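Undergrad: next come a sequence and a model predicted from it.
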Amino acid sequence: MLKLRVVQKIIQIGNPKLAQYSVEVPIAEIGSVENLQLYQDLVDTCDKEKEGTAGLSAVQIGILKRVYVARRLDLEAERDDNIAVWQVMINPDMKTLGAKESTIWEGCMSVGEGKARLFGPVTRNDRVKVTYFDEHTTQHTKEFKGYMAHIIQHEQDHLDGKLFLKYIVDVTKLWTSEKLDHYLETHDHFPPSE
């Protein structure tokens with residue numbers, strides 16, 4: 001039987017696991033009790049932080065498996081209940097589509113906590129296609145664009161041992177959560193990325 005509502009501690013930058021490559025979950029083990037608990041823990045941890053996260057990878061709770069959950073803001077937009085929709089993605093295989101790029105401000109629960117969490121403008125491909133298994137061992141292939149494409153690429157990077165900071169060339173573009181929140185309270189847009 002699965003435990004209920006387990007919120008895990010997020011490991012922080014400097015932990016060597018964040019720089020390691022995560023391993024695939026064997027297909028026969030996708031539905032194991034241990035892995036079902038992992039998926040639930042990721043969702044529960046995200047739900048607790050739903051105002052400040054769009055996804056979470058297993059490595060961020062110290063487990064080097066190719067698993068993440070991504071917030072399906074595209075599906076939430078179709079709902080009226082303000083309930084977060086989390087997609088479990090197991091062994092995801094992602095490909096970028098086209099050459100168009102977009103720059104979106106990103107943060108990470110493993111790069112600072114609370115008011116000290118860091119954010120910065122990240123340029124990524126604007127469209128991706130990802131093939132993955134869900135927690136029921138069903139395989140899916142979906143295309144995402146814009147912000148959703150950024151979420152997928154950000155989480156995919158975690159599985160390969162990379163943090164979003166690698167895309168920040170100018171460190172003066174890194175803002176703390178406190179500074180960014182203050183800016184957003186007085187402006188109706190994110191700070192310029194140029």
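TA: Ah, there it is. Just so you know, these numbers come straight off a predicted model, no measurement behind them.
Undergrad: could you look up the next helix or strand downstream of the longest helix anywhere in the chain?
TA: Looking across the chain with DSSP state H, the single longest helix is helix 33-48. For helix 33-48, the following helix or strand on the C-terminal side (DSSP states H and E) is strand 55-57.
Undergrad: quick check: mean pLDDT of that following strand?
TA: Mean pLDDT, computed over strand 55-57, is 97.
Undergrad: residue 121 sits in which helix or strand?
TA: Applying DSSP H and E as the criterion places residue 121 in strand 118-125.
Undergrad: quick one: the following helix or strand past that strand to chain centroid distance?
TA: Downstream of strand 118-125, the next assigned helix or strand under DSSP H and E is strand 127-133. Chain-centre distance of strand 127-133: 14 Å, with C-alpha atoms, centre = their mean, to the nearest Å.
Undergrad: in strand 127-133, which residues are buried?
TA: 127, 128, 130, 132, 133 (16 or more other C-beta atoms under 10 Å). The C-beta positions use only the backbone N, C-alpha and C, and glycine is treated the same way.
Undergrad: and the residue nearest to the last one when sequence neighbours are not counted, its phi and psi?
TA: Meaning residue 133. Nearest non-adjacent residue to residue 133, counting by C-beta to C-beta, 6 or more residues apart in numbering: residue 90, 4.3 Å away. Phi and psi for residue 90, reported as degrees, to the nearest 10, are phi -110, psi 130.
Undergrad: tell me the pLDDT at residue 90?
TA: 98.
Undergrad: could you give the number of residues near it?
TA: 23 (other C-beta atoms under 10 Å).
Undergrad: can you list contacts of the lowest-mean-pLDDT helix or strand in the chain?
TA: The helix or strand of the chain with the lowest confidence, counting by mean pLDDT, DSSP states H and E, is helix 73-76 at a mean of 80. Residues outside helix 73-76 that contact it (C-beta atoms under 8 Å, 6 or more residues apart in numbering): 54, 83, 84, 85, 144, 147, 148, 151.
Undergrad: what number of residues lie near the residue nearest to residue 165 when sequence neighbours are not counted?
TA: Residue nearest to residue 165 in three dimensions, not counting chain neighbours: residue 111, with 6.5 Å by C-beta to C-beta, 6+ apart. Neighbour count of residue 111, defined by other C-beta under 10 Å: 20.
Undergrad: next up, phi/psi of residue 111, please.
TA: Dihedral angles (degrees, to the nearest 10) for residue 111: phi -120, psi 70.
Undergrad: same deal with residue 25?
TA: phi -90, psi 120.
Undergrad: how close does it get to residue 36?
TA: 11 Å (C-beta to C-beta, to the nearest Å).
Undergrad: neighbour-wise, which of the two wins?
TA: Using other C-beta under 10 Å, the more surrounded residue of residue 25 and residue 36 is residue 25, with 19 against 15.
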